[in-house]
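In: Next one to model:
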Amino acid sequence: MNIKDIREKVKVLFRISVISWALYDLANTSFAVIIITVVFPVYFTNIIITPGLYPHNFGDLMWGIAVGVSMAVTAVLAHVFGAIADNSRSKNKFLIVLTLICIFFTALLFFLKEGMVAAAVTLFIFTNIFYQTSMMFYNSFLTQLSTRKTIGIVSGFGFALGYIGGLLILIIVIPFIRGGLQQDNIFNIRITFLVTSFFFLVFSIPSFIILRDIPAVTITKKGISYIIYGFRKFSATVRNIKAYPDLSRFLIGQENYHIKI
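Out: Okay, here's the model as predicted:
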């Protein structure tokens, strides 16, 4: 690689569109860290599902079901939203709407208290579905913002800011979770869900404002909506799944993994 190529790749990172796109990665990582990984799962299995009131490991079972169901639904919707992301001129609109709904539901997690098992499971399922589907539209902008030469560095830039976002949100919530699961600290733990939703919103705004769609190549036939087209693709995949045994094992393995965590 010569100096000219290096300069070209680095120069791409200073484009306002690339920076705004990468900031979205910083934003949504807060959800992945606090809601999916660090805080909410612990709150769910130890406070919402109080160990003394339910059978042993019941909390882990319900959490696994919530994650598994949300990912299964997302897998079906992926074909619909994937078709829209690939072929429409409304990627940014879908990104904004899905993200805002996810942020709204994330804030609602604050109101979940001890014993609200059904509400917690239902709310998390919807929240995670909107989070996962919004990522499809975010990822679809990568090819629009880069070339074959720069796609690696642009993708890596977003990935790096994602790590920074995860670190930042952990630093921010440490004062709230330092007291642990003690009864007098439960309110502070719930506040972290509001903090996460606010963090997600603030750092998503640049991408909402700056990212713009480019004309897409429409591959659907006239009169067929993207939703119908997406479900037709899903149906075709299911009918021909036996022709791809490796794919079948991969999908089953992924679902088992999400249920286990």
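
In: Find the residue closest to residue 36 in space, skipping its chain neighbours.
Out: residue 128 (7.1 Å; C-beta to C-beta, 6 or more residues apart in numbering). In this view, the C-beta of every residue, glycine as well, is placed from N, C-alpha and C.

In: what does the model give residue 53 for pLDDT?
Out: On the pLDDT scale, residue 53 is placed at 79.

In: Residue 90 and residue 145, how far apart?
Out: 17 Å (C-beta to C-beta, to the nearest Å).

In: So for those two, which sits in the more crowded spot?
Out: The residue with more neighbours, out of residue 90 and residue 145, is residue 145; 19 against 16, by other C-beta atoms under 10 Å.

In: Low-confidence ranges, the stretch 1-150 of the chain, go.
Out: Scanning the stretch 1-150 of the chain for pLDDT under 70 picks out 1-2, 4-5, 86-88.

In: Distance from the chain centre to stretch 126-145, please.
Out: 7 Å (C-alpha atoms, centre = their mean, to the nearest Å).

In: Against residue 155, how distant is residue 138?
Out: 12 Å.

In: For the two, indicate the residue with more neighbours.
Out: residue 138 (22 against 16).

In: Mind telling me what element the more buried one is part of?
Out: Using DSSP states H and E, residue 138 maps to helix 117-140.

In: and the next element down the chain from that helix?
Out: helix 142-145.

In: Which elements pack onto that next one?
Out: Based on contacts counted as 3 or more C-beta pairs under 8 Å, 6 or more residues apart in numbering; DSSP states H and E, the elements that helix 142-145 packs against are helix 16-31, helix 151-177.

In: by how many degrees do the longest one and helix 16-31 diverge?
Out: So that's helix 151-177. 40 degrees (axes from the mean of the first three to the mean of the last three C-alpha atoms, to 10 degrees).

In: Let me see the mean pLDDT of the very next helix or strand once past helix 151-177.
Out: Sequence order places helix 186-210 as the next helix or strand after helix 151-177, per DSSP H and E. Across helix 186-210, the average pLDDT comes to 97.

In: starting at the chain centroid, how far to helix 186-210?
Out: 13 Å.

In: again with stretch 124-137
Out: Per C-alpha atoms, centre = their mean, the centroid offset for stretch 124-137 relative to its chain is 5 Å.

In: what are the C-alpha coordinates of that stretch, in CSV please?
Out: Presented in CSV, the C-alpha positions along stretch 124-137 are these (Å, rounded to 0.1, in the frame of the first residue of the first chain):
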residue,chain,number,x,y,z
PHE,A,124,-37.8,-6.5,26.2
ILE,A,125,-38.8,-8.6,23.2
PHE,A,126,-40.2,-5.6,21.4
THR,A,127,-37.3,-3.4,22.4
ASN,A,128,-34.7,-5.9,21.1
ILE,A,129,-36.6,-6.5,17.9
PHE,A,130,-36.6,-2.8,17.1
TYR,A,131,-32.9,-2.5,18.1
GLN,A,132,-31.9,-5.5,15.8
THR,A,133,-34.0,-4.3,12.8
SER,A,134,-32.6,-0.7,13.1
MET,A,135,-29.1,-2.2,12.8
MET,A,136,-30.0,-3.6,9.3
PHE,A,137,-30.6,-0.1,8.0
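
In: from here on, count from 21
Out: All right, first residue 21 from here; so that's stretch 144-157.

In: What are the buried residues along that stretch?
Out: Of the residues in stretch 144-157, those with enough neighbours to count as buried (16 or more other C-beta atoms under 10 Å) are 144-145, 147-157.

In: can you list contacts of that stretch?
Out: 48, 51-52, 55-56, 60, 64, 86-87, 89-91, 93-94, 97-98, 101-102, 105, 111-112, 114-115, 118-119, 121-122, 125-126, 128-129 (C-beta atoms under 8 Å, 6 or more residues apart in numbering).
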